[in-house]
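Peer 1: I would like to see how this sequence folds:
(chains A and B)
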Number of protein chains: 2
Amino acid sequence: MACIFGAFRCSLQGIAINQQHDMPAMIETPEGYAPQKPETLSAYLSGIDAVRSILGGAPEQWTIAEVGDGNLNLVFIVKGPEGGVAVKQALPYVRLVGESWPLPLSRAHYEHMALTEQARLTCALVPKIHHYDERQALIVMELLEPHIIMRRGMIAATEYPKFADDISTFMARTLYFTSDLALTADRKKALIAAFAGNSALCKITEDLIFTDPYRVAELNRWTSPQLDAYAARWREDGDLKVAVSRLKLKFLSSAEAMLHGDLHTGSIMLTPEDTRIIDPEFAFIGPMGFDVGAIVANFLINFFAQDGHEKRPGDRDAYRDWVLSTLEKIITQFREKFLALWRENPTGDAYPSSLFQGSGGEARLELERQAYMDRLWADTVGFAAAKMIRRILGLAHNIDLELIEDPDRRATCEARALTLARDMMVNSARYPTIASVTEAARRVRMDMASY
Amino acid sequence: MACIFGAFRCSLQGIAINQQHDMPAMIETPEGYAPQKPETLSAYLSGIDAVRSILGGAPEQWTIAEVGDGNLNLVFIVKGPEGGVAVKQALPYVRLVGESWPLPLSRAHYEHMALTEQARLTCALVPKIHHYDERQALIVMELLEPHIIMRRGMIAATEYPKFADDISTFMARTLYFTSDLALTADRKKALIAAFAGNSALCKITEDLIFTDPYRVAELNRWTSPQLDAYAARWREDGDLKVAVSRLKLKFLSSAEAMLHGDLHTGSIMLTPEDTRIIDPEFAFIGPMGFDVGAIVANFLINFFAQDGHEKRPGDRDAYRDWVLSTLEKIITQFREKFLALWRENPTGDAYPSSLFQGSGGEARLELERQAYMDRLWADTVGFAAAKMIRRILGLAHNIDLELIEDPDRRATCEARALTLARDMMVNSARYPTIASVTEAARRVRMDMASY
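Peer 2: Prediction:
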């Protein structure tokens, strides 16, 4: 059965930020905007030739199910005799809460722009867009079937043999081709300007990832009382707070490339044969390590969570190995692919080819390319750590951990993840390679018997 | 006698970039745009109440002189019985060359925006704007009298006792208050977007400062044959080319604060009592060290140039001391003022106060503030070096050096500046303080007898 749960799972973030920061109580909607209902949607869709031909038959034969259950957006699955589509429509507020917690409809505009750009750069790694209606903040897209949200697959210990190849391609191509290495400065500046208005979504990240887990914030939550001491220590840890603030500053001011902006395993729908990255509504021009770090963080969280899902001790050993070896492949292949794109497409204004002519020039530039990737990796380690911490001490948690029913067991998994994350953030130079990260993850798991 | 030469001295840069990069041959002008002439200007100005009351008398009594001699813009000085104004109008092409070398009129828009913001932040340190006409790309501003361009004053060994205080205030306030330390992220993003269109002017910097001096470029020039070996070595120096490329990448992708963008001693008009920063048409949101580095570079160039202006050996010793001690004061005061603004106005989204409560938090944050300033200083050293090099091996030179008639003597001054600049760029960690820079400048001058 098709599922596009991923398409609205960022809702909890939206709620938190708006409530905390007293954003304006109402956001105006454009004239003519109206939230769809199953009763209205088939008439709306029947007016779109492309959609009608995908669904087939007559509108009366279409089944429409609203599957967004109390989140940011409306999400419908529509099926006809010949095929199906998914419909995502933004609401001017957080659906779960109502109009008192507004969130701009423009997120649909940024999602559509990012999806379009990602499709151009990666082809089949994002859902196809069938129709976009700016006024309705509504995207009709490919129904992904029988794809499931990757996080659920990883909790069930499903291996995805194509994933490392696909996600490394997605990251390398979307980041490289929107960076100063590939773009001329004027096109890069136009891209920055095009996404600058997505500040409400960026602010969710700024607050929930880089700020709240390190201070008293009403909506923070953690496995209590088991992790109370961790949460308290986090709020008093000056080195950690400086480190996360440096990362936040980088997020605010480093306009390196177009980010997906929310690239965790809940934003990926896949089968063992096919991978699709969804939900880029947090897209903006930011530091590349933020996207790569999201993948690293979510793989590490899943690794630590496996102890909570074992029925017998050790029955997830093989899957743990798959998680870490796949993570190593992702990072290694990302680096290789990014470097290959750079060597083959030095079309941007940064590191102009004209400065590095001849074999001596090329050799020196290649050294610098490696140094560039090392710097990007150092950023990645920090951002990964920030994303692990926020999933344990902040508002929005991962079901990898949340589905562990025994709180002591869950707290042990979480404490291990927190311990590794703190060290990655404060001492990122100790993690010069992905292998040093995966090795540390194994070591922390072995060394920490309980929280 | 009033002089606004500074208002159009960036012209040579504009010429170079457009010629080299085959920009579109024509740039459209808005309907109704027409370049002013002395004959048309008094009718134009008489329609502006504010200007008429400054000038006084009747339009027939006004004298109008066009003082832009073959550069980017039209510049008029208009005087009436009661006062005067300066009028700066952009042309859609580089005036010196004609319509074949276009440059967008929009630079007047960005200059006006930056001037407005700088006036708000620094009050009396920029010329007052009396009138702005977007369609005519025309700014009517305060006539600065009896101010002269600082570079000319420094060549004549004039001391400016207020300058260190004024320029450090200008930099601290314009950079701090447009950074993530002072602005919320949404306002910062809006500022980035507002200046993103100024890419044609940014490109001039990208090419002429960060690229051309390190490669064969038609419009590069240097004191030849004396510095031929330097120019050749520069083009083969892999470490230097990597270092300048990292700086270029930072210029392209670090959106730290609103820069003046061209903050050299030719963009400053002053008297011993009054300082005004003019010509921010290169303004955009970039790395702070670029503005601070421009001041450092131009002071160091002037220091090295003094040997070329001595009538008797040693007769500029006292002025050399003034130049370096003033530079030390500028940087020291800039740091103190920036830090004081940060402590007093922690209103931005970066380093949120809520993370650093209590005396322990404040102490840790203060350490980080110092570390932040150290990082900014490291950037400054690199950008200063890039700006010294471009003035000697690139297209646009400084009259500090150009007015030295004897080419051997000039080349000696230039070789010293190049030698220091290369080391600052490649080994910037050797220059942890401004004192280490000024000390090195004295040492290089003593050690290098000739080019």
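
Peer 1: Might one say that residue A:348 is in contact with residue A:183?
Peer 2: Yes: the pair residue A:348 / residue A:183 is scored as a contact, 5.1 Å apart, by CB atoms under 8 Å. In short, each C-beta sits where N, CA and C put it, glycine included.

Peer 1: wait, what's in contact with residue A:426?
Peer 2: Residues in contact with residue A:426, defined by CB atoms under 8 Å, 6 or more residues apart in numbering or on different chains, are A:239-240, A:243.

Peer 1: Ok, residue A:128 next?
Peer 2: Under the criterion of CB under 8 Å, 6+ apart, the neighbours of residue A:128 are A:119, A:141-142.

Peer 1: How far away from the center of its chain is stretch A:95-106?
Peer 2: If you compare the mean C-alpha spot of stretch A:95-106 with that of the full chain, they lie 21 Å apart, counting by CA atoms, centre = their mean, to the nearest Å.

Peer 1: any idea of the mean pLDDT in that stretch?
Peer 2: Averaged over stretch A:95-106, pLDDT sits at 82.

Peer 1: which parts of stretch A:315-324 are buried?
Peer 2: Neighbour counts over stretch A:315-324 (16 or more other CB atoms under 10 Å in any protein chain shown) mark A:316, A:319-320, A:322-324 as buried.

Peer 1: rewinding a little: mind putting the contacts of residue A:128 in JSON lines, pLDDT and secondary structure included?
Peer 2: Listed next are those as JSON lines, based on pLDDT from 0 to 100; DSSP: H, G, I helix; E, B strand; the rest coil:
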{"residue": "A:119", "pLDDT": "97", "secondary structure": "helix"}
{"residue": "A:141", "pLDDT": "97", "secondary structure": "strand"}
{"residue": "A:142", "pLDDT": "97", "secondary structure": "strand"}
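
Peer 1: which of the residues you listed lies closest to chain B?
Peer 2: Closest approach between the contacts of residue A:128 and chain B, by CB to the nearest CB: residue A:119, at 24.1 Å.

Peer 1: what element comes up after the host helix or strand of residue A:392 heading to the C-terminus?
Peer 2: With the criterion set as DSSP states H and E, the secondary-structure element containing residue A:392 is helix A:358-393. Towards the C-terminus, the helix or strand next in line after helix A:358-393, according to DSSP H and E, is helix A:399-402.

Peer 1: Model confidence for the residue nearest the centre of chain A, exactly?
Peer 2: Centre of chain A computed as the mean C-alpha position; nearest residue by CA atoms, centre = their mean is residue A:263, 1.8 Å away. The predicted local distance difference test score for residue A:263 is 98.

Peer 1: Would you quantify the distance from the spatially closest residue to it that is not a sequence neighbour to residue B:232?
Peer 2: In space, and not counting its chain neighbours, residue A:263 is closest to residue A:294: 4.2 Å by CB to CB, 6 or more residues apart in numbering or on different chains. For residue A:294, the distance to residue B:232 (CB to CB, to the nearest Å) stands at 47 Å.

Peer 1: Neighbour count: these two, which is higher?
Peer 2: When neighbours are counted by other CB atoms under 10 Å in any protein chain shown, residue A:294 comes out ahead of the other of residue A:294 and residue B:232, with 25 against 11.

Peer 1: returning to that earlier point: am I right that the residue nearest to the centre of chain A falls within a helix?
Peer 2: No: with the criterion set as DSSP: H, G, I helix; E, B strand; the rest coil, the secondary structure at residue A:263 is coil rather than a helix.

Peer 1: just checking, it touches residue A:277?
Peer 2: Yes: using CB under 8 Å, residue A:263 is in contact with residue A:277, at 7.1 Å.

Peer 1: hmm, back to that, between the buried residues of stretch A:315-324, which sits nearest residue A:156?
Peer 2: For residue A:156, the closest of the buried residues of stretch A:315-324 turns out to be residue A:319, at 9.4 Å, with distances computed as CB to CB.

Peer 1: Going by neighbour count, list what's buried in the strand or helix carrying the closest one.
Peer 2: Assigned by DSSP H and E, residue A:319 falls within helix A:317-344. For helix A:317-344, the buried set under the neighbour-count rule, 16+ other CB under 10 Å, comprises A:319-320, A:322-324, A:326-331, A:333-335, A:337-339, A:341-342.

Peer 1: tell me, how many neighbours does the closest residue to residue A:129 other than its chain neighbours end up with?
Peer 2: Leaving aside its sequence neighbours, residue A:129 sits nearest to residue A:141 (CB to CB, 6+ apart; 5.3 Å). Applying other CB under 10 Å, we find 23 other residues in the vicinity of residue A:141.

Peer 1: got it, and the one 5 residues further on?
Peer 2: Here the count is done by other CB under 10 Å, and residue A:146 has 10 residues near it.

Peer 1: I figured it hits residue A:271, correct?
Peer 2: Yes: at 6.2 Å, residue A:146 and residue A:271 qualify as touching, with contact defined as CB under 8 Å.

Peer 1: mind listing the strands for the stretch 101-250 of chain A?
Peer 2: When secondary structure is read from DSSP state E, counting those that start in this stretch, the stretch 101-250 of chain A shows strands at A:129-133, A:138-142, A:148-149.

Peer 1: Turn these into TSV, columns for distance to residue B:59.
Peer 2: Converted to TSV, the strands of the stretch 101-250 of chain A look like this (distance: least, CB to CB, whole Å):
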stretch	distance to residue B:59
strand A:129-133	56
strand A:138-142	59
strand A:148-149	74
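
Peer 1: from those, which stretch is densest packed?
Peer 2: Each of the strands of the stretch 101-250 of chain A was given a mean neighbour count from mean count of other CB atoms under 10 Å in any protein chain shown, and the largest, a mean of 23, is that of strand A:138-142.

Peer 1: got a list of contacts for it?
Peer 2: Contact with strand A:138-142 is made by A:36, A:45, A:48, A:51, A:85-90, A:108, A:111-112, A:115, A:127-133, as judged by CB under 8 Å, 6+ apart.

Peer 1: can you list the domain ranges for chain A.
Peer 2: Chain A breaks down into these structural domains: A:5-142, A:148-447 (assignment by automatic domain parsing).

Peer 1: dump the residue contacts of the nearest residue to residue A:48 once chain neighbours are set aside.
Peer 2: The shortest distance from residue A:48 to any residue that is not its chain neighbour, by CB to CB, 6+ apart, is 5.1 Å, and that residue is residue A:131. Taking CB under 8 Å, 6+ apart as the contact definition, residue A:131 lies against A:48, A:50-51, A:138-140.

Peer 1: hmm, 10 Å instead?
Peer 2: For residue A:131, the contacting residues are A:44-45, A:47-51, A:54, A:85, A:87, A:138-141, taking CB atoms under 10 Å, 6 or more residues apart in numbering or on different chains as the criterion.

Peer 1: If any of the residues you listed are buried, put those into a ChimeraX selection.
Peer 2: Taking 16+ other CB under 10 Å as the burial criterion, the selection of buried members of the contacts of residue A:131 in ChimeraX is written as:
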select /A:44,45,48,51,54,85,87,138,139,140,141
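
Peer 1: Just the closest of the contacts of residue A:131 to chain B, please.
Peer 2: Checking the contacts of residue A:131 against chain B with CB to the nearest CB, the nearest one is residue A:139 at 23.3 Å.

Peer 1: Take the contacts of residue A:131 and keep only those in helices.
Peer 2: Mapping those onto helices (DSSP state H) picks out A:44-45, A:49-51, A:54.

Peer 1: Name whatever forms a beta bridge with residue A:257.
Peer 2: Using DSSP bridges, the beta-bridge partners of residue A:257 come out as residue A:286.

Peer 1: Pretty sure it sits against residue A:114.
Peer 2: No: assessed by CB atoms under 10 Å, residue A:257 is found out of contact with residue A:114, at 11.8 Å.
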